[in-house]
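Asks: Sequence and predicted structure, then a few things I'm wondering about:
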Amino acid sequence: MVKILHTADLHIGEDIFSQYSMKAATERFNDILYSLDQIKDIAIQNEVDAVIIAGDVFNRIIPSGNSSYYFSKFLKQLLENRIHTIIVRGNHDRPYTEDSSELLKTYNILLSSKQEEYFHYLSRIENIVINSKNGKKISFTALPYYPSDLEFKEVQDIKEAFEKSRIEKRQDFIRSLKEESLKKVNELKNSVQADYHILIAHVPIMGAIPGSERVFLGSKYEIVYEVNEICRLPFDYIALGHFHVMQQIGSEKCWYSGSIFRLTFDESSYIDGREVSRSDKGVIFVSDDNGKLVPKPITIKTRDLCVVHLNYSNPKIMPLPQNLGEVVENISAKCLIKDKSLPPCVKVFIKISDIQRKMLNEYKIREMLLEKGYLDIKFEIITEQTEQISLKTTNMPVEEALKRYIESLQIDSQLKKQVLKESLKILKEVM
């Protein structure tokens with residue numbers, strides 16, 4: 001039986017977590033290693049013929065020594081078990097210039113002759129053929145990420161005609177490059193004899209979901225493919241990378257495996273306590289069944305990322321609780337700690353009125369949440385101006401108007417009494 005494991009978007013690199021505390025950054029990097037370890041175990045236990053990595057091995061073109069070391073360790077374990085490891089270049093693997101060398105190419109030099117036989121880094125539109133453990137020939141064709149390298153900036157009326165011509169030229173360039181790429185992919189596929197043909201592409205596809213609950217609308221900096229341009233190609237399986245949500249797109253044989261852990265809060269597992277659809281992380285296990293390759297998602301264990309929204313923008317309807325413990329409980333209720341070995345990270349969006357902003361101590365809230373066991377907490381606070389309160393004082397004594405105004409303020413009751421006392425004292429002196 002032919003058995004293949006499809007993964008992508010490893011994004012190994014400590015720099016992803018530089019905004020976290022030292023402890024949280026260390027734990028988040030360990031999340032990557034934990035995912036790699038699970039993928040390695042799945043591959044070895046299932047005795048797969050090949051592991052596909054459809055781009056973006058590292059988060060940076062020049063990764064840290066730590067990142068390179070742990071990936072090398074992961075790779076060595078696969079190669080020592082005679083598992084072909086096939087990597088296609090992603091946008092994070094692409095060098096700054098075409099003249100620059102690529103780190104992943106150096107592995108061919110560093111590996112032993114036996115290991116080298118099972119390592120394949122495909123940086124161009126190219127093709128390799130391997131033999132499965134049961135003697136089947138499997139052809140792999142690569143379609144790496146290729147940005148257009150053309151960008152333009154909008155200008156004012158005087159240059160509008162020139163700008164329009166540039167846009168048209170760019171569109172022609174993308175169209176011709178796309179046609180040339182797809183033509184070459186088909187030619188390579190047809191040039192080899194194999195039992196199964198697999199396409200590995202690190203590309204953005206219109207209509208696919210890049211991160212949780214976001215829709216990809218295309219970019220002027222990269223070549224975007226339509227679903228039919230990729231997913232209807234005559235391959236037995238199409239392994240995609242670049243978008244971080246595991247998803248089937250276009251046909252049953254065309255899959256994004258997604259990233260191997262939750263990189264950012266765009267890939268949150270919970271929003272306000274509601275589990276986000278398609279938030280699972282994992283790999284695609286592909287095996288043959290009666291001459292047809294059948295993909296099957298396998299989930300792996302990863303840390304939860306939660307997004308929580310709190311709204312205190314209208315003090316009359318929802319005043320900020322005087323006890324910050326209530327705020328902490330509101331956040332905790334919307335992001336449960338389900339696994340103490342992998343406590344979640346939380347991002348809290350708070351809308352608050354300007355008159356209550358000084359009463360909100362997010363540092364104290366963060367401290368209390370850390371004590372409850374959360375790994376890290378981020379805040380994004382949006383301050384909204386409160387509608388000014390006006391009181392008609394016609395036929396009303398000034399003292400009474402002042403009392404009513406102070407009573408209407410959303411401040412601590414003890415502070416309110418003190419403000420009223422001092423205000424009446426000042427008013428009496430003025431009068």
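Replies: Thanks, I have it. Residues are numbered from 1 along each chain as shown.
Asks: name the element residue 349 belongs to?
Replies: strand 345-353 (DSSP states H and E).
Asks: Adjacent strands (with direction) for that strand?
Replies: strand 305-312 (parallel), strand 376-384 (parallel) (DSSP bridges).
Asks: could you say what helices and strands the next helix-or-strand element following the last one packs with?
Replies: The one in question is strand 376-384. Downstream of strand 376-384, the next assigned helix or strand under DSSP H and E is helix 398-408. Here helix 398-408 touches helix 413-430, going by 3 or more Cβ pairs under 8 Å, 6 or more residues apart in numbering; DSSP states H and E. C-beta: built from backbone N, CA, C; applies to glycine.
Asks: Give me the angle between the helix it packs on and helix 398-408.
Replies: Counting by axes from the mean of the first three to the mean of the last three Cα atoms, to 10 degrees, helix 413-430 lies at 160 degrees to helix 398-408.
Asks: and helix 413-430, which residues are buried?
Replies: Residues of helix 413-430 classed as buried by neighbour count (16 or more other Cβ atoms under 10 Å): residue 420.
Asks: And for that helix, what's in contact with it?
Replies: 398, 399, 402, 403, 406, 407, 409, 411 (Cβ atoms under 8 Å, 6 or more residues apart in numbering).
Asks: got the CA positions of it in PDB?
Replies: Taking C-alpha atoms only, helix 413-430 is exported to PDB below (Å, rounded to 0.1, in the frame of the first residue of the first chain):
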ATOM      1  CA  SER A 413     -19.500  55.500  45.100                       C
ATOM      2  CA  GLN A 414     -17.000  56.500  47.800                       C
ATOM      3  CA  LEU A 415     -15.200  58.700  45.300                       C
ATOM      4  CA  LYS A 416     -18.600  60.200  44.300                       C
ATOM      5  CA  LYS A 417     -19.400  61.200  47.900                       C
ATOM      6  CA  GLN A 418     -16.000  62.900  48.200                       C
ATOM      7  CA  VAL A 419     -16.400  64.700  44.900                       C
ATOM      8  CA  LEU A 420     -19.900  65.900  45.900                       C
ATOM      9  CA  LYS A 421     -18.700  67.100  49.300                       C
ATOM     10  CA  GLU A 422     -15.700  69.100  47.900                       C
ATOM     11  CA  SER A 423     -17.800  70.500  45.000                       C
ATOM     12  CA  LEU A 424     -20.500  71.800  47.400                       C
ATOM     13  CA  LYS A 425     -17.800  73.300  49.600                       C
ATOM     14  CA  ILE A 426     -16.200  75.100  46.600                       C
ATOM     15  CA  LEU A 427     -19.700  76.200  45.300                       C
ATOM     16  CA  LYS A 428     -20.500  77.700  48.700                       C
ATOM     17  CA  GLU A 429     -17.200  79.700  48.800                       C
ATOM     18  CA  VAL A 430     -17.900  81.000  45.300                       C
END
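Asks: Identify the bridge partners of residue 86.
Replies: Under the criterion used here (DSSP bridges), residue 86 is bridged to residue 52, residue 120.
Asks: list the contacts for it?
Replies: 50, 51, 52, 53, 120, 122, 128, 140, 200.
Asks: and the gap between it and residue 203?
Replies: 16 Å (Cβ to Cβ, to the nearest Å).
Asks: ranges for the helices of this protein?
Replies: 22-45, 65-80, 107-110, 113-116, 160-190, 227-231, 324-334, 354-357, 362-372, 398-408, 413-430 (DSSP state H).
Asks: Redo those as CSV? Include mean pLDDT and distance to residue 343.
Replies: Below are those laid out as CSV (pLDDT from 0 to 100; distance: least, Cβ to Cβ, whole Å):
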stretch, mean pLDDT, distance to residue 343
helix 22-45, 97, 9
helix 65-80, 93, 22
helix 107-110, 68, 35
helix 113-116, 79, 38
helix 160-190, 77, 44
helix 227-231, 95, 38
helix 324-334, 95, 12
helix 354-357, 88, 29
helix 362-372, 96, 9
helix 398-408, 80, 42
helix 413-430, 80, 36
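Asks: Nearest to residue 302 among these would be which one?
Replies: helix 22-45 (6.2 Å; Cβ to Cβ).
Asks: Need the CA coordinates for the closest one. PDB is fine.
Replies: Extracted C-alpha coordinates of helix 22-45, given in PDB (Å, rounded to 0.1, in the frame of the first residue of the first chain):
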ATOM      1  CA  MET A  22      10.500  35.000  28.000                       C
ATOM      2  CA  LYS A  23       8.600  32.100  29.600                       C
ATOM      3  CA  ALA A  24       5.800  32.200  27.000                       C
ATOM      4  CA  ALA A  25       8.200  32.600  24.100                       C
ATOM      5  CA  THR A  26      10.000  29.500  25.200                       C
ATOM      6  CA  GLU A  27       6.800  27.500  25.600                       C
ATOM      7  CA  ARG A  28       5.500  28.700  22.200                       C
ATOM      8  CA  PHE A  29       8.700  27.500  20.500                       C
ATOM      9  CA  ASN A  30       8.300  24.200  22.300                       C
ATOM     10  CA  ASP A  31       4.800  24.000  20.700                       C
ATOM     11  CA  ILE A  32       6.500  23.800  17.300                       C
ATOM     12  CA  LEU A  33       8.700  21.000  18.500                       C
ATOM     13  CA  TYR A  34       5.800  19.200  20.100                       C
ATOM     14  CA  SER A  35       3.900  19.300  16.800                       C
ATOM     15  CA  LEU A  36       7.000  18.100  14.800                       C
ATOM     16  CA  ASP A  37       7.400  15.200  17.300                       C
ATOM     17  CA  GLN A  38       3.800  14.100  16.800                       C
ATOM     18  CA  ILE A  39       4.200  14.300  13.000                       C
ATOM     19  CA  LYS A  40       7.400  12.200  13.100                       C
ATOM     20  CA  ASP A  41       5.600   9.600  15.200                       C
ATOM     21  CA  ILE A  42       2.700   9.400  12.800                       C
ATOM     22  CA  ALA A  43       5.000   9.000   9.900                       C
ATOM     23  CA  ILE A  44       7.100   6.300  11.500                       C
ATOM     24  CA  GLN A  45       4.300   4.300  13.100                       C
END
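Asks: Right, I'll leave it there.
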